[in-house]
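I would like to see how this sequence folds:
(3 chains)
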Amino acid sequence: MFPRPGRDVGFPVAGCALLFAVFLAGGLIYESFQGRAAERLVTVMLIDAIIVLGIQIYVGNTGVLSFGHIGFGAIAGYAFAVFAISPEEKLKRIPDAPFGLNDVLLNPALAVAVAIGVTVLVALVVGIGLARSGAESGAVAATVITLALLFVTHEVARNWPDLTGGNRAGLTFKVGAALDSRLPIYLCLLGALIVARLFAQSRSGKLAVAAREDNLAARAMGVNPLVQQTAALLISVAVVSVGSSLRVYENGSILPDDFFFNYTLLTLAMLIVGGRNSVTGALVGVAVMTIGRELARRLGQDGFEVFGLGLDAAPLDWIFRENLQTVFLGLAMLGFMIFRSEGLLGDWELDSWLWRLWHRRKPETQPEPLAEVAPVGLHAEVPHEGAALEAGDIVVDFGGFRALDGAGLSVAPDEVVGLIGPNGAGKTTLVNVITGMVEPAEGWFRLGERELTAAPSHEIARAGLLRTFQNLRLFDALTVRQNVELAGRVAARHRPGRHPQADALIGEAGLWDVRDRRARELDYGSARRLELARAAAMAPTYLLLDEPTSGMSDAESNEMIRRIRHMAAAVDAGVLVIDHDLNFITGISDRIYVLDQGQVISVGTPDEVQADPAVRAAYLGAESDTQT
Amino acid sequence: MLEVEGLTARYGSIAALRGAALSVGSGEVVGLIGPNGAGKTTLLSSIAGLLSPAEGRVTFEGKDITGRSPEQLLRSGVALVPEHRRIFADLTVEENLRIGGVTVPAAKRAELLDEMAERFVVLKEKWDVPAGYLSGGEAQQLAIGRALMSAPRLLMMDEPSLGLAPVLVDLVFELIGTLRDQGRTLLVVEQNAARMLEVSDRAYVLRSGEVVASGTGRELSQRDDLFDTFVGSVVAPDEGLPAAGSPVANGAGGGTA
Amino acid sequence: MTELAQNLIDGLGRGSIYALLALGVAVVFGVMHLLNFAHGELITVGGYVALWTLGAGWSWYIVTPLIVLSAVLTSLAIERVAFSRVRGSSDFTLLLTSFGVHFVISAIFLLYVSASVKPFDRPSWVTNTYSVGPLNIEVYDTVVIVVTVLTLIGTTLLLQRTMFGLSLRAAAADFDTARLMGVRSDTVIRGAFALSGLLAGIAGVFWLMRAGSISPSAGITPMLKGVLAALIGGLGSLRGAVIGGLVLGLAEVLLRSRLPDSIASLTEGVVFLLIALLFIFRPQGLVTVKHAVRV
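Numbers count the residues shown, from 1 in each chain, chains lettered A, B, ... in the order given. All right, here's what the predicted structure looks like:
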């Protein structure tokens, strides 16, 4: 099922080739008008594009802002330089180079490979700290670490002259001043485009995006964001390393300041302006910012006056030109952040657009009409493992407030069990405990023989406990189909047996007509059904549904009941459903647990529970002495 | 005093309120009851300015206060005791109370602070303790005291008995009764319907974002279908509401005393 | 032993400045969830004020309050022009906005002043030392430590005893509830920026006295130290920020004197490595701040 050769490989590669062609053609046309003066501008733009694409792989897919990629670039640049410079040259620049590096000489291609290796190794170490602190203290902490990395590489480069030539001298080398031919740059840019685009379409990329959209929901679906973010970082850093090596090669030298704040600003501004969540956007950003900067430069060059302050004195001219560009960059970044933070293109991709155009002409046929055929498309015949979900003695304290006080329950594989209770009874907390999102002070729970009490959320999900959320947690920027397919990808790796077809589930949820809409555009009922379909796509052993009908009218609720039953039966899952609505629970449940004050106060069939005076007391708050 | 007309509010795409309307007269204690998810909290949040309603109008003392920010609203004389109490755990009891009085002049604040110390004896004992160490009941008293520090003309409470042990629930309703005896105007959202009806002059029943019933506490507490409204049961219970038998004093003081 | 004591004093001097910077960063982070990468620019502005006023022959006694004042005003201006427009935006937007502000300010100095490093006179006593037994103590360090302690006491009093301080702490803990209590968001956010500017201004005076020069990019290092210290201490915790600053200062001084000569110049790298290790084993920083997440 994944990857689909046309959608996930063919179109993206073709789209990248097209993008590359247009981008390059633009550069070459400008060059043909401006002559040799523009040659270097275009070369620089091509190399910038490689680096920006590299950054996009991480920032776009994980949503974590990184200032550190240029720091990684510096590491790669120095590694490349040290290995590519001839020993004679090194003897002049860095006679005391450590580790016997003085005698080493590799051809440029090999030196790039070494640069990638060294940088990726550093990235691996940094990446673990990054992912861990990011998971614990939010993306802000991760960003600060990347900033510190940038700063520290700069400091080390300045203060380790034995290796880097230090602040003044730098490393200079001649392999023909500049590249003899642009062919390697072309190939690398095309390669970077394809890598960036294919990563976004890959399993890893999709899962990283899921975690970007909603970290908690991703974990509840069996995604381990730490792994995906690290994968994105490593690939991203590898691409940046290639670009940085080329940059050093092209410049013929490297100084600490080449890979520092100004270049970080430039590359980030390019990424932000174009649209960080899109490969196409990154490339557009490079083009737009290069044009803008070129304009700013030429305005400065011609003695242009700003606010009456013309700096036509010759010695100041270059400062003025340089700085006008920086002002332009800073303002562009500020402006986009304040007025259009998603950039020019948002997450628009050329090849996805082409794909949709293509399919508008050849409309998809709905695989099966809704309810009748759906069970056939799903795997009704696979025998379940017969694992019961059991939990007991669960205690949760929030500060001084005891949310759960020895609660427990058990659900058999083909049972539908309701969990009701008044507001604040601890229903959601119980589901949070069972899905690993709240750590209980005491208690245990297991699925069949498997003890899950201390397991992280994503492992619990992979074991087969899939939940929905009371306040809806969808991957908002993804389409209906992508939401469901994503779960399918996780299932394909971690859930044994056959899996329900994504399209069949979408049909079953009544979402076929809106399958290409973004989740955030759905109306409330559809969003609820999508969340259900997404959980079902994991082929769960148990579906844990937290208030699936809250906010729905009675008619909508009844429709939802029918779908839940049908879908659970189709994917052969047991169901634990939280609700406050006894009518709804009666319609769907075989047995009901009633929770109050963190304890189970009643268990039984719907009729038994309804007749239980303790339940009435809990709901209406009657005096306890009226109970019998 | 407070008039709410045709209030519609959405959380994203969720229509949590569909044209809800209610009114609170000066000196009245009005209950707002209904099942979980009925839109009670949304209604209070919309009045308090935490949410801007999509449609509808809220007027207080004749002034249109629709869409005002919470800080403006407090200055107009409307205070809210939020759901889950939301006390500042790192601030001491005294500091929590003082922040409640941020809008009143310093002299008045000191006066109110003394009044709270007198009224809430348990809090007086823990005056300098970070509020995070309070028990649920104490925290609820603190939350109410904090709201009273702004000397509001209308006090709204969101689920004041939520998550409290029965004996503390008694305490909260006793407090509501006391406030009512002092002639304060209250609008209280409560899941604990029977107890709420005992202490309210009037009440509204909210379900699926709409007001489905209203009346005096006595009228509502004698309706057998109330349990059904709450739990959505189609099977009518064969006995009357347990609370219906208990004496509900409609005009005079709190029923629980 | 003597060396250790010496290091501790030096480290406290350095750490005090970091603590002031980190506290300023943490105050703003608390109310707005904004990590202000433009925090260092407050010092840059102060630096140019120092350059021009000292150049005009004014004494440090007059210049010092001017530096502090300029930092406060700059902080308020930045809030007004840029940050007030992105209140409540995503972390990503907030971070990049402050990054953009940093660049625009330094570019303005580049454009209208100069890219080069401009020296100015340091107060004569900065390099003086006095001896206590075997220890050589810099007058400068002494002044820094004393003023920092006084500033921290003042800040604590402000936060504990005034209605503004109380509002600030309440807003940092739970912004919406603070608004429900009638705390005005404008007041508290602008107040936080003013306080942040004040702290940066005081730290800036010391920073500039020691540096004796200013350039458009001079704000980067103090900003980074402040932000890192706030992070080490645990983002969102004011006490953590102060602790983080002191720890960072001590670590730098101790490492620089203890590391073998060959890598002593790489102290920054080693410190970063230690910070990375800290975050691998204690990702929430030194002081834990509880964030309630409702599922």
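
which residue does the stretch 151-295 of chain C have closest to chain A?
Closest contact between the stretch 151-295 of chain C and chain A, by Cβ to the nearest Cβ, is at C:Pro283 (3.5 Å). Just so you know, the C-beta spots here come from the backbone N, C-alpha and C atoms, and that holds for glycine as well.

what about that residue, which helix or strand?
Secondary structure assignment for C:Pro283, by DSSP states H and E: no helix or strand.

and it, its phi and psi?
Main-chain dihedrals, C:Pro283, degrees, to the nearest 10: phi -60, psi -20.

for residue 203, which non-adjacent residue is closest in space?
No chain specified, so I'll use chain A. A:Arg489 (5.1 Å; Cβ to Cβ, 6 or more residues apart in numbering or on different chains).

oops, chain C please
Nearest one to C:Ala203, counting by Cβ to Cβ, 6+ apart, is C:Leu20 at 3.9 Å.

same check on A:Gln228?
Using Cβ to Cβ, 6+ apart and skipping the chain neighbours, the partner closest in space to A:Gln228 is A:Ala208 (4.0 Å).

try A:Ala461
In space, A:Ala461 is closest to A:Gly222, 3.7 Å off (Cβ to Cβ, 6+ apart).

coming back round to it: hmm, the residue nearest to A:Arg203 is touching A:Ala208, no?
No: A:Arg489 is not in contact with A:Ala208 according to Cβ atoms under 8 Å; the separation is 11.9 Å.

if you count what's nearby, which of these two comes out ahead?
More crowded of A:Arg489 and A:Ala208, by other Cβ atoms under 10 Å in any protein chain shown: A:Ala208, with 30 against 25.

who's in contact with that one?
A:Asn61, A:Thr62, A:Pro225, A:Gln228, A:Gln229, A:Ala231, A:Ala232 (Cβ atoms under 8 Å, 6 or more residues apart in numbering or on different chains).

any idea how far A:Gly243 is from it?
21 Å (Cβ to Cβ, to the nearest Å).

and A:Leu65, by the same measure?
Here A:Leu65 is placed at a distance of 19 Å from A:Gly243 (Cβ to Cβ).

same thing with A:Thr62?
19 Å.

cool, and B:Ala38?
57 Å.

next: C:Ala77.
According to Cβ to Cβ, C:Ala77 stands 37 Å off from A:Gly243.

more neighbours: these two, which one.
Between C:Ala77 and A:Gly243, counting by other Cβ under 10 Å, A:Gly243 is the more crowded of the two (29 against 14).

Validate this expectation: the more buried one resides in a helix.
Yes: under DSSP: H, G, I helix; E, B strand; the rest coil, A:Gly243 falls within a helix.

quick one: pLDDT of residue 254?
Chain wasn't specified; assuming chain A. For A:Ile254, the pLDDT comes out at 89.

nope, chain C
We have a pLDDT of 89 for C:Leu254.

next up, the contacts around the closest residue to it other than its chain neighbours.
Residue nearest to C:Leu254 in three dimensions, not counting chain neighbours: C:Asn7, with 5.4 Å by Cβ to Cβ, 6+ apart. Neighbouring residues of C:Asn7 by Cβ under 8 Å, 6+ apart: C:Leu250, C:Val253, C:Leu254, C:Ser257.

out of those, list just those in helices.
For those, the ones inside helices are C:Leu250, C:Val253, C:Leu254, C:Ser257, with DSSP state H as the criterion.

please tell me I have it right and the first one contacts C:Leu4.
So that's C:Leu250. No: contact between C:Leu250 and C:Leu4 fails when scored by Cβ under 8 Å: they sit 10.8 Å apart.
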